[in-house]
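Novice: from the sequence below, what's the structure:
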Amino acid sequence: LGDACDPDIDGDGVANDSDNCPTVANPDQRDDDNDGLGNACDIDSDGDGHDDADDNCPHIPNADQADLDNDGIGDVCDPDVDGDGVLNTEDNCPAVFNPNQGDVDQDGKGDLCDEDADNDSVLNDDDNCPLVPNPDQADDDGDGIGNACDDDVDGDGVPDGEDNCPMTPNADQSDIDGDGHGDVCDDDADGDSVPNQSDNCPLVPNPDQADDDGDGIGNACDDDVDGDGVPDAEDNCPMTPNADQSDIDGDGHGDVCDDDADGDSVPNGSDNCPLVANPDQADRDGDGAGDACDPDSDGDSVDDDEDNCPSVPNPGQENLDGDEFGDACDDDIDGDLVANAVDNCPMVANSDQADLDGDGIGDACDADLDGDGIDNEDDNCPTVANSDQLDADLDGVGNACQEAPTRIGLFQGFPNPARGTVQIQFAVPSTTGGRLDLFDVTGRLVETLASGTFEAGYHSVTIDVGALHGGTYIYMLTAGGSSASRKLVVIH
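Specialist: Alright, predicted model coming up:
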């Protein structure tokens, strides 16, 4: 039948005049919004103002299109509104994501949507342990976290599970007696069986409670055991009062507790000078007082305070240099500021220590200044070494210290007459070339005795005339354009 004459155009068994969708088959005639148009042909089935094509719940009115979990299904038709995998009918917080369904107080409301999750009558916003019942809201360390849920109740930085005093701050975890209870909460911190309140050293074991100075602080922890005002660490007699800390021998043991106060290895009871070190116990005058503490230690009848050598007998009190030390004990007897041990004239002052001949005897006391083997009083040149004592001009002053000659000079040979060796001396005023010749009386050259360059000064030549015939000879010096000659007699 054509639609024009068909009483049921859409063939859904509902006559056109009764069909809410006459051209769309909808035998159930569903019309959710009761607007007279069946859902099958209604573009807004639920009548909430949103076309079904855009409506996240097309069959349930939800004009606000709320979709808490953003899954594209509106909350009014979503079986799991919060998208936590738990159906709304079973979810203890259907509008709050809580897949674990935590419910601390078991009141059927999940913790995330329970305004008093731990049911301790303190609302979560005000509760310092919102998931742990603590109606007293105790918070010992004042950190805003209640003790009931604080893993460091005393706030000392040590977790309670490791803290040996979890309720009392003790960051250092000190536990002197090692009993697992920190000192700050241990009623016998040192483990000596004496309660802290009765213990005179609560942090140092001392079961005997010894207190030598009676100051209420046990010896074991008293930094001044003997009570003399000197800390034990500095006290040279920590168990015996000695405020002056006298220690004569400087051995670190105070005199009052040192059985050898002077440190001479002789006990005080046997020591003839107990306060003065004298290990040899010398007592020169036999008066029972050791020399070290005897007012006249050298026994010379001169008291030490007047004796210029109090430890060396010198009854005459000799003092060569007139200083405060007698010669017997003066390390510089002559007072020349050179110690006797190194003074080359210890009995004669000679601060310059001059020693011309370097023989170790200073000039001030050397009988042979120039060290030429001739005593000063016999030496024609006492300050210039001249063991030959040559004195060409026989003026008593040796050539070695004679003034420089002003002209050439030829001196008498010695000996003359001669039969063996003869010494001939000559002088030139300046360095020059020259020669010394020996002639016989006929003028024949017998021998050149010396030739070459002669330095300014005195010279000596020794010749042997033993091979010459007896007679008279002439020796001549020629130098610097001048000449001089003398006779020499040879005898046999």
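Novice: residues contacting L337?
Specialist: Contacts of L337 were listed using Cβ atoms under 8 Å, 6 or more residues apart in numbering, and they are S351. The C-beta positions use only the backbone N, C-alpha and C, and glycine is treated the same way.
Novice: please apply the same query to A418.
Specialist: V465, L488, V489, V490, I491.
Novice: kindly report the same for T431.
Specialist: Neighbouring residues of T431 by Cβ under 8 Å, 6+ apart: T453, F454, E455, A456.
Novice: same thing with A243?
Specialist: Residues near A243 by Cβ under 8 Å, 6+ apart: D228, G229, V230.
Novice: hmm, T421 is touching A467, no?
Specialist: No - with contacts counted by Cβ atoms under 8 Å, T421 stays clear of A467, the gap being 11.7 Å.
Novice: neighbour count winner among these two?
Specialist: The residue with more neighbours, out of T421 and A467, is T421; 12 against 7, by other Cβ atoms under 10 Å.
Novice: what's across from that one in the sheet?
Specialist: Note on T421: beta-bridge partners D464, judged by DSSP bridges.
Novice: tell me the pLDDT at it?
Specialist: pLDDT, T421: 96.
Novice: next one: it from F454, what distance?
Specialist: Remark: distance between T421 and F454 (Cβ to Cβ, to the nearest Å) = 21 Å.
Novice: over to F97?
Specialist: Between F97 and F454 the distance is 132 Å, computed by Cβ to Cβ.
Novice: ok so, going back, PyMOL command for the buried members of the contacts of T431?
Specialist: Per 16 or more other Cβ atoms under 10 Å, the buried members of those correspond to this PyMOL selection:
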select buried, resi 454
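Novice: who wins on neighbours among the contacts of A418?
Specialist: Highest neighbour count within the contacts of A418, by other Cβ under 10 Å: V465, with 24 neighbours.
Novice: quick one: contacts for that one?
Specialist: Contacts here follow Cβ under 8 Å, 6+ apart; on that basis V465 touches A418, R419, G420, T421, V422, Y473, L488, V490.
Novice: wait, doesn't the third one sit right on D464?
Specialist: The one in question is G420. Yes - in this structure G420 lies within contact range of D464 using Cβ under 8 Å: 6.7 Å.
Novice: report pLDDT for P315.
Specialist: As predicted, P315 sits at a pLDDT of 92.
Novice: revised request: answer the last question for A404.
Specialist: Listed pLDDT for A404 reads 79.
Novice: distance check, the closest residue to G420 other than its chain neighbours against D126.
Specialist: Leaving aside its sequence neighbours, G420 sits nearest to G466 (Cβ to Cβ, 6 or more residues apart in numbering; 5.6 Å). G466 sits 146 Å away from D126, going by Cβ to Cβ.
Novice: then N92?
Specialist: Distance, N92 to D126, by Cβ to Cβ: 22 Å.
Novice: what's the answer for P79, then?
Specialist: Per Cβ to Cβ, P79 is found 35 Å from D126.
Novice: check P417 too.
Specialist: Between P417 and D126 the distance is 150 Å, computed by Cβ to Cβ.
Novice: so these two - more neighbours on which side?
Specialist: Shown here are P417 and D126; by other Cβ under 10 Å, P417 has more neighbours (14 against 9).
Novice: S430: neighbour count?
Specialist: 14.
Novice: what about it, which SS state?
Specialist: coil (DSSP: H, G, I helix; E, B strand; the rest coil).
Novice: distance check, it against A404.
Specialist: 9 Å.
Novice: end-to-end on stretch 77-96?
Specialist: Distance across stretch 77-96, first residue to last, is 16 Å (Cα to Cα, to the nearest Å).
Novice: if you count neighbours, what's buried in stretch 295-307?
Specialist: For stretch 295-307, by 16+ other Cβ under 10 Å, it's D296, S297, D298, D300, V302, D307.
Novice: hmm, who's touching it?
Specialist: 284-285, 289, 291, 294, 309-315, 317, 326.
Novice: mark which of those residues are part of strands, please.
Specialist: Members of the contacts of stretch 295-307 lying in strands (criterion: DSSP state E): none.
Novice: save those as JSON lines, and put in distance to D32 too.
Specialist: Converted to JSON lines, the contacts of stretch 295-307 look like this (distance: Cβ to Cβ, whole Å):
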{"residue": "R284", "distance to D32": "140"}
{"residue": "D285", "distance to D32": "142"}
{"residue": "A289", "distance to D32": "136"}
{"residue": "D291", "distance to D32": "135"}
{"residue": "D294", "distance to D32": "136"}
{"residue": "C309", "distance to D32": "140"}
{"residue": "P310", "distance to D32": "137"}
{"residue": "S311", "distance to D32": "135"}
{"residue": "V312", "distance to D32": "140"}
{"residue": "P313", "distance to D32": "144"}
{"residue": "N314", "distance to D32": "145"}
{"residue": "P315", "distance to D32": "149"}
{"residue": "Q317", "distance to D32": "146"}
{"residue": "G326", "distance to D32": "142"}
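Novice: which among the residues you listed count as buried?
Specialist: Buried by 16+ other Cβ under 10 Å: A289, D291, D294, C309, P310, V312, P313, N314, G326, out of those.
Novice: hmm, P274 and the first one touching each other?
Specialist: No - contact criterion Cβ under 8 Å: A289 and P274 do not qualify, at 10.8 Å.
Novice: now do the nearest residue to T432 once chain neighbours are set aside: how many residues are near it, please.
Specialist: Closest residue to T432 apart from its sequence neighbours, by Cβ to Cβ, 6+ apart: G480 at 4.1 Å. G480: 17 surrounding residues under other Cβ under 10 Å.
Novice: again, but for N272
Specialist: Residues near N272, counting by other Cβ under 10 Å, number 18.
Novice: ok, now the one 3 residues further on?
Specialist: By the measure other Cβ under 10 Å, the count of residues near L275 is 14.
Novice: distance of it from D283?
Specialist: Distance, L275 to D283, by Cβ to Cβ: 16 Å.
Novice: swap in I145?
Specialist: Distance of I145 to D283, computed by Cβ to Cβ: 85 Å.
Novice: the two: who's more crowded?
Specialist: Summary of the neighbour comparison: I145 and D283, criterion other Cβ under 10 Å, with D283 having more neighbours (19 against 16).
Novice: how about the strands in the protein?
Specialist: Under DSSP E, the chain gives strands at 409-410, 421-428, 432-440, 445-454, 457-464, 471-479, 482-490.
Novice: out of the contacts of T431, which comes closest to Q209?
Specialist: Distance to Q209, by Cβ to Cβ, is smallest for E455 among the contacts of T431, at 103.5 Å.
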